[in-house]
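J.: For reference, the sequence and a predicted model appear below.
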Amino acid sequence: MAGKVWFVGAGPGDPELLTVKGRRLLEEAGAILFAGSLVDQAATLFAPPGCEIRDSKDMTLEEMSAWLLDQTARHATVVRLQTGDPGLYGALVEMTRPLTAAGIEWAVVPGVSSAFASAAAAGETLTLPEVTQTVILTRVAGRTPMPAGEELEALAAHKTTLCIFLSITLLHEVQRALRAAGWAEDAPIVVVQKASWPGEEKIVRGTLADIKKRCQAEKIGSQAMIIASPALGAADWPTLARSKLYDPAFGHRFRKASAASEETSA
Ligand code: SAH
């Protein structure tokens with residue numbers, strides 16, 4: 001038998017944020033390799049009896065590839081379960097290349113990224129008409145260096161929404177980069193820890209000046225998303241530019257234009 005390996009996005013933590021397809025694959029899986037504590041719930045909730053379930057946290061990439069390959073000799077469906085979406089900081093190609101080389105079929109099932117779960121938890125939008133229409137998903141350099149031109153300072157110069165992964169222990173570096181890019185001391189920043197985790201989610205709101213102090217006070221040192229965006233807090237702004245999609249004066253493929261446009265105000 002030569003089974004197929006599915007790289008499944010588990011979503012941000014709440015098992016209900018797994019896709020329907022991801023859940024079906026877990027229910028059919030002969031073997032599941034899951035990525036650390038963030039997604040073990042989904043694996044154990046949905047795996048069928050007798051399924052081989054292995055935590056990858058103490059394994060090297062080579063050991064993971066070897067384990068997945070080995071399982072395809074015994075099972076039609078082998079799942080590699082990853083946090084959020086497998087295409088973001090998931091070492092996806094490092095794992096798929098050995099499978100391809102061995103002639104094993106594989107496919108990816110996308111997942112809800114923690115960037116989106118964090119914005120959702122905080123009730124924030126990542127884009128807002130005439131404020132920001134771009135989202136940058138990034139990190140600061142840790143052991144993994146940033147490629148030239150992708151330093152946070154350079155990206156932050158665009159003044160768009162920034163979703164910063166893997167960087168909560170480097171919050172001082174995030175602050176330095178945003179300051180260097182000209183962000184104001186009172187620019188809003190939200191940090192969400194364990195977004196979507198029932199009973200464990202923490203949301204810390206602050207400014208460029210005080211976000212680090214606030215995170216320290218809440219003891220947030222891991223598993224957190226940093227969102228810096230000119231759109232943060234817009235739910236409470238007195239006036240908003242109107243989204244063209246729902247503007248009566250703006251027709252599109254599904255709706256004809258009608259009355260004149262107005263600015264929405266609260
Ligand atoms: N593929 C994942 C990201 C993995 S990198 C995704 O799409 O979300 C791990 C980083 O993701 C963490 O350092 C943290 O910044 C973020 N992260 C993962 N799960 C999170 C959660 N539930 N809440 C907040 N941040 C999370």
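T.: Okay, I see it.
J.: In stretch 142-160, which residues are buried?
T.: Buried residues in stretch 142-160, counted by 16 or more other Cβ atoms under 10 Å: 151-152, 155-156, 159-160. Any C-beta I mention is one placed from the backbone N, CA and C, and that applies to glycine too.
J.: all strands for this protein, in order.
T.: 4-9, 31-34, 52-55, 77-82, 106-109, 135-139, 161-165, 188-193, 202-207, 224-228, 239-240, 264-265 (DSSP state E).
J.: Go through the ones you listed and name the closest to Tyr89.
T.: Smallest distance to Tyr89 across these (Cβ to Cβ): 5.9 Å, for strand 161-165.
J.: which residues does the residue of the stretch 1-150 of the chain found nearest the ligand bridge with?
T.: Residue nearest to the ligand within the stretch 1-150 of the chain: Gly84 (2.0 Å; Cβ to the nearest ligand atom). Applying DSSP bridges to Gly84 gives these bridge partners: Gly11.
J.: and it, how many residues sit next to it?
T.: Under the neighbour criterion other Cβ atoms under 10 Å, Gly84 is assigned a count of 28.
J.: and of the buried residues of stretch 142-160, the nearest to the ligand?
T.: Nearest member of the buried residues of stretch 142-160 to the ligand, counting by Cβ to the nearest ligand atom, is Leu152, at 13.8 Å.
J.: re the thing from before, spit out the contact partners of the residue of the stretch 1-150 of the chain closest to the ligand.
T.: 9-12, 90, 111-115, 117 (Cβ atoms under 8 Å, 6 or more residues apart in numbering).
J.: out of those, who's nearest Ile53?
T.: If you rank the contacts of Gly84 by distance to Ile53 using Cβ to Cβ, Ala10 comes first, at 13.0 Å.
J.: All set, thanks.
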